[in-house]
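Chemist: Here is a sequence together with a model predicted from it:
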Amino acid sequence: MAIAARFPQFALPDGTVALVGIPGPARIAYGAVARALGVSRSALKPAPAASLAALGMQPGGVSPICSDEAAVLLLDSSVPAMDQIYCGGGDPEWTIEVDAAAESRRHQGAGGRHHRVAA
């Protein structure tokens, strides 16, 4: 059974964009996200639309599948066990189904991280 996942996005102080994957109904734990990303809580700022556009995405359609290797993907530790997830396809008009475990393995191989970041 597929479950919705959300990917809030943050602009980090060095200009990097962080995509944070959490289960759809969960709340994000901002302090845990900041610790996992190695920044202060006050340094977490929403990524502007221009930063998302540079990743080939639009607000409301953020996807964990990103061709920009500089972007950081941080997954809540519960996401890889979710089997299939529904998430943005880069555009608010598109929803895609993703194999959460396979995407998790792909991102871990590229330096992606898993932490408990959902409240």
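Modeler: Nice, thanks for sending it over.
Chemist: Direction included, what does the strand ranked longest in the chain pair against?
Modeler: The residue-count maximum for a strand in the chain (DSSP state E) belongs to strand 17-23. Paired neighbours of strand 17-23 in the sheet (DSSP bridges): strand 3-6 (antiparallel), strand 9-11 (antiparallel), strand 72-76 (parallel).
Chemist: could you check the angle strand 17-23 makes with the helix or strand following the longest one?
Modeler: Going back to what we said before, that points to strand 72-76. With elements assigned by DSSP states H and E, the helix or strand that comes after strand 72-76 is strand 84-88. Using axes from the mean of the first three to the mean of the last three C-alpha atoms, to 10 degrees, the direction of strand 84-88 lies 130 degrees away from that of strand 17-23.
Chemist: Return the distance of strand 84-88 from the chain's centre.
Modeler: Offset of strand 84-88 from its chain centre (C-alpha atoms, centre = their mean, to the nearest Å): 11 Å.
Chemist: Touching the longest helix anywhere in the chain from outside, list them.
Modeler: As assigned by DSSP state H, the longest helix anywhere in the chain is helix 100-109. With contact meaning C-beta atoms under 8 Å, 6 or more residues apart in numbering, helix 100-109 is reached by 5, 64-65, 73, 75, 79-85, 112, 114. For glycine as for every other residue, the C-beta is placed from the backbone atoms N, C-alpha and C.
Chemist: ok, what's across the strand from residue 115?
Modeler: Beta-bridge partners, per DSSP bridges, of residue 115: residue 76.
Chemist: that older thread, now, of the contacts of helix 100-109, which are buried?
Modeler: With burial judged by 16 or more other C-beta atoms under 10 Å, the buried subset of the contacts of helix 100-109 is 5, 64-65, 73, 75, 79-80, 82, 85, 112, 114.
Chemist: before we move on, back to that, would you list the strands paired with strand 17-23 in JSON lines and tack on distance to residue 97 and mean pLDDT?
Modeler: Converted to JSON lines, the strands paired with strand 17-23 look like this (distance: least, C-beta to C-beta, whole Å; pLDDT from 0 to 100):
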{"stretch": "strand 3-6", "distance to residue 97": "10", "mean pLDDT": "88"}
{"stretch": "strand 9-11", "distance to residue 97": "20", "mean pLDDT": "94"}
{"stretch": "strand 72-76", "distance to residue 97": "17", "mean pLDDT": "88"}
